[in-house]
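Novice: Predicted model follows, preceded by the sequence.
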Amino acid sequence: MPLPRAPHRALLVCAVAVTLAGCSVSGSGSADRSPGASASAAGDSRRTVVTFSEASPLGAERLRRTADRMRARADALELKDVRVDTRGNGVTVTGRAADVDQLTRLGMSGHLGFRPVLAEETVGTTPTPTPSASADPTRGRAVTDGLLPRAAGSASASAAPAPVPAEGNAPDAALQARYAALGCSTQERIATRREAPADHAVVACGTTGDGSAAHAKFILGPTAVEGVHVISAVAVRDKRVPGWIVRLDFDSVGGRQFSGMTRSLATNAAPRNRMAVVLDGSVISAPSVGRRLDGGTADIYGSFTRESAEQLAATLGSGALPTPLTVMSVTSLRRP
């Protein structure tokens, strides 16, 4: 998947006090985007080593592809002085101590999907219907709370649209019971992120992406558009909304599926007119859909800062990692 050459950050060096097998280097970059962070990091000789691993053996090829995608993410973020190495059954990332959060997030799986919302409730409050964009004359756009239509080359609609559960296709009793009991605690959010089969309805935690900090819980239908069909992602400013958004471009298949999904959702009553944007099993935005969206492009927003929008764009633009990784250790070093 090509990575957009957007203004982001880069990578370079490996100063680990152990011998690393399969060590390789790529990339170089421009000045840090954050002047304050750049100034403080310039005189900081501390280094951080983040070690990632996976429970089952990856195999040499999958391990190589995993490291390559992590390098692409670091390059897109223009992280300075970073090295990504393979060792045994894991990946080691070495970089500036000031960048430890970004270094850790290079290991995000990055699995993206778009699912129809079957039920949604803000955790800890009485659920209220979510109005569609067409019912809100002050918004002046077809989609709210995270997804905005853009004028672009229209995607072909010759293929059958992606399946979206019908209004009467209710979740089974077991799933409804799990949803009723779900409180979206830290442990529950971790558990739901691990259980996200694409072809099944699932429960999930996350946010509606409407600017509030409240957690929400969802029942989601099967995935209608897979993230594999995203060919580019970039963080941009848009005059129509405050703050930053992440702009996605789909390939021809994804464009047709996205068009079909929005066409189906637009005819539903709330909350089944909502589309969940799901990253690694967690809902990062759940926009309501007022009309069919063509063009093969989607804009996602959800209270992003510049840094978080760039991080998400780098994660999605590089493609999902071949396998989920776990942070095994974070070690601080100091250069001699």
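Specialist: On my side now, so go ahead. As the structure is a computational prediction, the values presented were derived from the model and not from experiment.
Novice: phi, psi of L293?
Specialist: The phi and psi values for L293, taken as degrees, to the nearest 10, are phi -120, psi 120.
Novice: tell me the secondary structure for the closest residue to it other than its chain neighbours?
Specialist: Spatially, and ignoring its direct neighbours in sequence, L293 is nearest to T262 (4.4 Å; C-beta to C-beta, 6 or more residues apart in numbering). In this view, the C-beta of every residue, glycine as well, is placed from N, C-alpha and C. Under DSSP: H, G, I helix; E, B strand; the rest coil, T262 falls in the helix class.
Novice: What is the neighbour count of T262?
Specialist: Neighbours of T262 under the rule other C-beta atoms under 10 Å: 28.
Novice: Isn't it up against V289?
Specialist: Yes. Counting by C-beta atoms under 8 Å, T262 does reach V289; the two are 5.0 Å apart.
Novice: coming back round to it: next one: the residue nearest to L293 from A180, what distance?
Specialist: 29 Å (C-beta to C-beta, to the nearest Å).
Novice: from what I can see L333 touches V50, true?
Specialist: No. The pair L333 and V50 fails to qualify as a contact (C-beta under 8 Å) at a distance of 11.5 Å.
Novice: if you count what's nearby, which of these two comes out ahead?
Specialist: V50 (21 against 15).
Novice: The more buried one falls within a strand, correct?
Specialist: Yes. Under three-state DSSP, V50 falls within a strand.
Novice: Isn't it up against V327?
Specialist: Yes. Counting by C-beta under 8 Å, V327 is a contact partner of V50 at 6.3 Å.
Novice: intersection of neighbour lists for those two?
Specialist: Both V50 and V327 are contacted by 104, 107, under the criterion C-beta atoms under 8 Å, 6 or more residues apart in numbering.
Novice: if I pick P322, what's in contact with it?
Specialist: Contacts of P322 (C-beta under 8 Å, 6+ apart): 58, 62, 65-66, 69.
Novice: what's the answer for R272, then?
Specialist: Contacts of R272 (C-beta under 8 Å, 6+ apart): 116-118, 167, 265.
Novice: what's the pLDDT at it?
Specialist: On the pLDDT scale, R272 is placed at 94.
Novice: separation between it and L293?
Specialist: 17 Å.
Novice: same deal with P116?
Specialist: In this view, P116 and L293 are 14 Å apart by C-beta to C-beta.
Novice: shouldn't R189 be in contact with V283?
Specialist: No. Using C-beta under 8 Å, R189 makes no contact with V283, being 10.3 Å away.
Novice: Pick out whichever of these two has more residues nearby.
Specialist: Higher neighbour count among R189 and V283: V283, with 27 against 18, using other C-beta under 10 Å.
Novice: Quick check: beta-bridge partners of that one?
Specialist: G206, V278 (DSSP bridges).
Novice: wait, isn't it in contact with A216?
Specialist: Yes. Look at V283 against A216 with C-beta under 8 Å: they come within range, at 7.1 Å.
Novice: Next, show the common contact partners of the two.
Specialist: 205-208.
Novice: Between the two ends of stretch 298-317, how far is it?
Specialist: 14 Å (C-alpha to C-alpha, to the nearest Å).
Novice: Give me the buried positions along that stretch.
Specialist: Neighbour-count burial for stretch 298-317, with 16 or more other C-beta atoms under 10 Å as criterion, is recorded at 298-304, 307-317.
Novice: Tell me which of those residues fall in strands.
Specialist: Among these, the members found in strands (DSSP state E) are 298-304.
Novice: Determine which two of these are furthest apart.
Specialist: A298 and S303 (17.4 Å; C-beta to C-beta).
Novice: And S318, its phi and psi?
Specialist: The phi/psi pair for S318 (degrees, to the nearest 10) is phi -80, psi -10.
Novice: hang on, the earlier thing: what confidence value was assigned to the residue nearest to L293?
Specialist: On the pLDDT scale, T262 gets 95.
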